[in-house]
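J.: Model the structure of this input:
(one chain, ligands or ions: 2)
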Amino acid sequence: MIRAGCIRQVGAGIYDYLPLGYRVLNKVAQIVREEMDAAGATELLLPALVPIELYAGTKRDKEYGELLFKLTDRHGREVALGPTHEETVTELVKGSITSYKQLPLNVYQIQTKFRDEFRPRAGLLRGREFVMKDAYSFHLSVEGAGGLNETYDAMYSAYVNVFTRCGLDFTVVEAEAGPIGGSASHEFMVNAETGEDTIMVCPKSGYSANVEKCEIGPRSWSFEADSSVEYIKHHTPNMPGIEAVAEHLNLEPSRMLKSIVFQTADGGPRRWIVAVVRGDHDVNEGKVRDAIGSPVAIADEAEAKAAGFVIGYVSPRVVCTIADTHLVIDPDATTGVWATGADERDHHVTGFVWNRDLDMPLPSEEAPVAERIMVADIRNAMEGDPSPRDASSRLVARRGIEVGHIFKLGTKYAEAFDLSILDPNQKKQILTMGCYGIGVSRTVAASVEMSHDDAGIIWPVPISPYHVVVTVMDPKNTEHTTVADALALSLSEAGIDVLIDDRKERPGVKFKDADLIGIPIRLTIGNKALAEESVEFKRRRDAGKGDLVPIADAPERCLSVLNNGG
Ligand code: ATP
Ligand code: MG
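T.: Ligands and ions are numbered 1, 2, ... in the order given. Predicted structure coming up:
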């Protein structure tokens with residue numbers, strides 16, 4: 001996009017939108033706007049400057065951490081540059097809604113958001129200042145007419161319409177709700193190899209989920225193992241990581257146990273939760289949370305050390321030696337003989353078997369939860385894992401770019417702001433909310449990731465800055481320019497956006513630029529074609545020179561090609 005003159009980088013994650021890029025941005029925004037309006041949402045505009053107290057009300061001033069841009073005004077008051085606007089809109093609605101009869105309500109805005117991303121990357125894909133559409137809905141109930149579920153479903157369909165109309169190849173996946181909190185959530189992913197997100201798909205059932213959320217089908221397991229193996233302690237100096245130890249012990253990482261220490265974060269008395277997975281697997285924090293039924297956070301290292309955990313060398317045996325410790329074990333980390341930490345700095349052990357080396361009741365497949373030990377799916381899914389929806393099928397991994405995300409928020413924000421209303425029975429009810437985001441500027445970049453070749457961008461027709469570029473071979477030749485102007489006029493009367501390239505450049509330069517900026521159709525006006533009262537017609541997708549089309553037929557030919565996706 002930079003090479004094509006669509007955007008220009010001003011700083012890390014900060015861009016100028018130049019005329020071509022701005023046209024695309026506006027086209028995406030317009031499609032979003034039309035679909036939001038059709039789904040019953042109403043547009044408004046909220047401020048980018050948000051008093052910090054609003055975020056403090058939901059503790060997100062802390063939760064967002066360094067992602068939040070903050071500044072202090074001349075009176076010493078702290079203000080944030082809004083990264084998202086749940087708080088602002090909740091407070092707005094609290095002051096505006098007086099009766100349940102005004103519900104449900106769904107409002108949206110298209111606005112610049114600010115996030116001090118640790119690693120801004122890939123142009124508009126991850127900016128520090130970016131354009132987002134966000135919508136927020138308010139309801140008296142989850143179920144029934146006017147309830148959250150109804151609006152959620154309407155927004156889901158509207159999102160499908162938006163991305164279909166933008167000409168994008170996308171997948172809808174089940175998603176983790178993340179720090180925003182809430183229950184159900186879907187993400188809309190543009191399918192692209194360069195995407196940051198991993199999507200798991202079951203080809204048979206159609207189930208698809210972000211790897212952060214993806215369930216794994218049933219896996220059989222047992223703690224039975226050959227208990228005649230010798231339990232041996234090894235000196236493994238400065239090797240807290242799995243890879244290095246595995247190499248040192250001459251083992252595959254898949255024969256090691258990885259034990260990650262979490263602590264409960266539900267505000268109640270702290271419990272330690274040690275999540276145990278196979279060395280080549282990754283612990284999934286959301287699954288750990290779901291397994292134990294309480295929010296968790298990676299343990300504070302200093303506190304964990306004080307409690308007796310030797311971080312980097314933790315073994316499952318801590319469940320027997322450290323108070324208030326619980327184990328959650330992934331099924332793949334049960335059967336067999338393992339290498340694990342030795343709960344002692346710079347030491348590991350080999351020959352660990354669960355049914356001999358743990359002095360504590362173990363669960364079984366029939367009863368997967370024992371006193372302080374449970375077995376549950378707590379790791380990230382991987383390609384080849386059993387599908388959770390079809391026993392005969394296996395998961396496949398793909399890459400995607402998240403362009404939209406919808407959440408059922410529930411009452412988190414309404415509670416924080418005491419946003420409640422008397423229902424028809426005069427009973428005070430906390431409102432239920434949904435929130436729905438689209439990365440408008442990211443969608444522009446994602447469509448380029450999805451659709452380009454070595455010569456440049458190939459815009460999907462509906463969001464292309466122009467549909468047709470009329471390339472004038474010799475701008476000093478008035479016959480060329482006269483025909484170009486007349487042709488452009490008749491094209492634009494047919495509803496086609498036309499760009500005339502009458503720069504005083506060599507034809508080769510113009511052809512190259514036309515390919516680079518990715519306009520779906522190029523009509524070239526030169527002596528040879530004009531001699532036959534024709535223009536040279538070339539689709540951006542096609543290689544070679546194109547063919548001659550009579551000038552009078554050009555608009556119709558353009559329309560039919562554009563209507564068929566360029
Ligand atoms: P990510 O996981 O990619 O950081 P997110 O889940 O934090 O994104 P949301 O809070 O869900 O993002 O924001 C809604 C939408 O805004 C996202 O689906 C995405 O399309 C877009 N978006 C988020 N962060 C950025 C960014 N830094 N630059 C451009 N678009 C963004
Ligand atoms: Mg998201």
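J.: quick one: D454 from ligand 1, how far?
T.: To ligand 1, D454 is 26 Å away according to CB to the nearest ligand atom, to the nearest Å. Glycine gets a C-beta too; all of them are placed from N, C-alpha and C.
J.: Oh, that last question was meant for F69, not what I typed.
T.: To ligand 1, F69 is 12 Å away according to CB to the nearest ligand atom.
J.: Can you check the pLDDT for that residue?
T.: Each residue has a pLDDT score; the one for F69 is 94.
J.: okay, the spatially closest residue to it that is not a sequence neighbour: pLDDT?
T.: Once flanking residues are discounted, F69 sits nearest to L81: 4.0 Å by CB to CB, 6 or more residues apart in numbering. Predicted confidence (pLDDT) for L81: 95.
J.: and the residue nearest in space to the middle of the chain, what are its bridge partners?
T.: Nearest residue to the geometric centre of the chain (CA atoms, centre = their mean): E402, 3.3 Å. Here E402 sits in beta bridges with M189, going by DSSP bridges.
J.: Next, the spatially closest residue to A184 that is not a sequence neighbour: phi, psi?
T.: Spatial nearest neighbour of A184, excluding adjacent residues (CB to CB, 6+ apart): K408 at 4.4 Å. Torsion angles at K408 (phi, psi; degrees, to the nearest 10) stand at phi -90, psi 110.
J.: Also the one 4 residues further on?
T.: Recorded main-chain torsions at K412 are phi -50, psi -50, according to degrees, to the nearest 10.
J.: Hmm, T58 and it touching each other?
T.: Yes: at 7.3 Å, K412 counts as touching T58 under the criterion of CB atoms under 8 Å.
J.: Give me the more crowded residue out of the two.
T.: T58 (19 against 16; other CB atoms under 10 Å).
J.: In contact with the residue nearest to that one when sequence neighbours are not counted, which residues?
T.: Nearest non-adjacent residue to T58, counting by CB to CB, 6+ apart: A416, 4.6 Å away. Contacts here follow CB atoms under 8 Å, 6 or more residues apart in numbering; on that basis A416 touches G57, T58, E87, T90.
J.: Contact partners for the last one?
T.: This points to T90. Y136, Y413, A414, A416, F417, L419, M433.
J.: How about the first one?
T.: For G57, the residues meeting the contact criterion (CB under 8 Å, 6+ apart) are E87, A416, F417.
J.: So I260 sits against I298, correct?
T.: Yes: in this structure, I260 is within contact of I298 by CB under 8 Å, at 7.3 Å.
J.: Neighbours of A12, how many?
T.: 12.
J.: if I've got this straight, R399 is in a strand?
T.: Yes: assessed by DSSP: H, G, I helix; E, B strand; the rest coil, R399 belongs to a strand.
J.: Tell me the predicted confidence for it.
T.: At R399, pLDDT is 95.
J.: and it, what does it touch?
T.: For R399, the contact set (CB under 8 Å, 6+ apart) comprises N191, A192, E193, T194, G195, E196, D197, T198, I199.
J.: cool, and I373?
T.: With CB under 8 Å, 6+ apart, I373 has these contacts: V319, H326, L327, I329, L358, M360, P361, L362, P363.
J.: tell me which of those is nearest to T151?
T.: Distance ranking of these against T151, using CB to CB, places H326 first at 38.6 Å.
J.: Which of the three states applies to the closest one?
T.: Strictly by three-state DSSP, H326 counts as strand.
J.: So what's the residue count around it?
T.: 18.
J.: same question, the one 4 residues further on
T.: Around D330 there are 26 other residues, counting by other CB under 10 Å.
J.: Find the closest residue to ligand 1 in the stretch 351-500 of the chain.
T.: G439 (2.3 Å; CB to the nearest ligand atom).
J.: pLDDT at the closest residue to that residue other than its chain neighbours, what is it?
T.: Nearest non-adjacent residue to G439, counting by CB to CB, 6+ apart: V403, 5.3 Å away. V403 carries a pLDDT value of 97.
J.: and stretch 274-288, which residues are buried?
T.: 274-281, 283-288 (16 or more other CB atoms under 10 Å).
J.: Helices - which of those land there?
T.: Using DSSP state H, E285, G286, K287, V288 are the members of the buried residues of stretch 274-288 that sit in helices.
J.: Include distance to ligand 1 and pLDDT when you put those residues into a markdown table, please.
T.: Below are those laid out as a markdown table (distance: CB to the nearest ligand atom, whole Å; pLDDT from 0 to 100):
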| residue | distance to ligand 1 | pLDDT |
| --- | --- | --- |
| E285 | 15 | 93 |
| G286 | 14 | 90 |
| K287 | 18 | 92 |
| V288 | 20 | 94 |
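J.: need those in a markdown table with distance to A370, can you?
T.: Shown next, in a markdown table, are those (distance: CB to CB, whole Å):
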| residue | distance to A370 |
| --- | --- |
| E285 | 23 |
| G286 | 23 |
| K287 | 19 |
| V288 | 17 |
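J.: can you give me the offset of the longest helix seen in the chain from its chain's centre?
T.: Longest helix in the chain by number of residues (criterion: DSSP H): helix 19-38. Once both centres are worked out by CA atoms, centre = their mean, to the nearest Å, helix 19-38 turns out to sit 20 Å from its chain's centre.
J.: ok, and the helix or strand in this structure with the lowest average confidence?
T.: helix 60-63 (a mean of 80; mean pLDDT, DSSP states H and E).
J.: now what about that helix, what contacts it?
T.: Contact with helix 60-63 is made by I52, Y55, L68, A80, E87, P179, as judged by CB under 8 Å, 6+ apart.
J.: got it, and stretch 351-370?
T.: 220-227, 229-232, 257, 315-317, 319-320, 334, 336-340, 371-376.
J.: Using neighbour counts, trim those to the buried set.
T.: 221, 223, 225, 257, 315-317, 319, 334, 336-340, 373-376.
J.: residues contacting the residue of the stretch 1-150 of the chain found nearest ligand 1?
T.: In the stretch 1-150 of the chain, the residue that lies nearest ligand 1 is F130 (3.5 Å; CB to the nearest ligand atom). Applying CB under 8 Å, 6+ apart, we find F130 in contact with T112, K113, R115, L124, G439, V440, S441, R442.
J.: Tell me the secondary structure of it, please.
T.: Assignment for F130 (three-state DSSP): strand.
J.: for ligand 1, what are the nearby residues on the stretch 1-150 of the chain?
T.: Within reach of ligand 1 by CB under 6 Å from any ligand atom, the stretch 1-150 of the chain has these residues: T84, R115, E117, R126, G127, F130, M132.
J.: with the residues you listed in mind, which one is nearest to N563?
T.: M132 (30.5 Å).
J.: contacting residues for the closest residue in space to the closest one that isn't next to it in sequence?
T.: Excluding its sequence neighbours, the residue lying closest to M132 (CB to CB, 6+ apart) is K113, at 4.7 Å. Each residue near K113 by CB under 8 Å, 6+ apart is listed here: A48, G82, P83, T84, E129, F130, V131, M132, D134.
J.: and the strand or helix carrying K113, which strands flank it?
T.: Per DSSP states H and E, K113 falls inside strand 105-114. Applying DSSP bridges, strand 105-114 is found paired with strand 42-43 (parallel), strand 129-139 (antiparallel).
J.: Tell me which of those is the most buried.
T.: Across those, averaging neighbours per residue (mean count of other CB atoms under 10 Å) puts strand 129-139 on top, at a mean of 24.
J.: Mind checking the pLDDT average for stretch 410-429?
T.: Stretch 410-429 comes out at a mean pLDDT of 90.
J.: Return that stretch as PDB; C-alpha atoms alone will do.
T.: Output of stretch 410-429 as PDB, limited to C-alpha atoms (Å, rounded to 0.1, in the frame of the first residue of the first chain):
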ATOM      1  CA  GLY A 410     -23.500  -9.700  29.700                       C
ATOM      2  CA  THR A 411     -23.700  -7.300  32.600                       C
ATOM      3  CA  LYS A 412     -20.000  -6.500  33.300                       C
ATOM      4  CA  TYR A 413     -20.200  -2.900  32.200                       C
ATOM      5  CA  ALA A 414     -23.700  -2.200  33.200                       C
ATOM      6  CA  GLU A 415     -22.900  -3.400  36.700                       C
ATOM      7  CA  ALA A 416     -19.800  -1.300  37.000                       C
ATOM      8  CA  PHE A 417     -21.900   1.800  36.100                       C
ATOM      9  CA  ASP A 418     -25.000   0.600  37.800                       C
ATOM     10  CA  LEU A 419     -26.900   0.900  34.600                       C
ATOM     11  CA  SER A 420     -30.300  -0.500  35.600                       C
ATOM     12  CA  ILE A 421     -33.900   0.200  34.800                       C
ATOM     13  CA  LEU A 422     -37.300  -0.700  36.100                       C
ATOM     14  CA  ASP A 423     -38.800  -3.500  34.100                       C
ATOM     15  CA  PRO A 424     -42.600  -3.800  33.300                       C
ATOM     16  CA  ASN A 425     -43.100  -5.300  36.800                       C
ATOM     17  CA  GLN A 426     -41.400  -2.400  38.400                       C
ATOM     18  CA  LYS A 427     -38.400  -4.600  39.300                       C
ATOM     19  CA  LYS A 428     -34.900  -3.100  39.000                       C
ATOM     20  CA  GLN A 429     -32.900  -4.900  36.300                       C
END
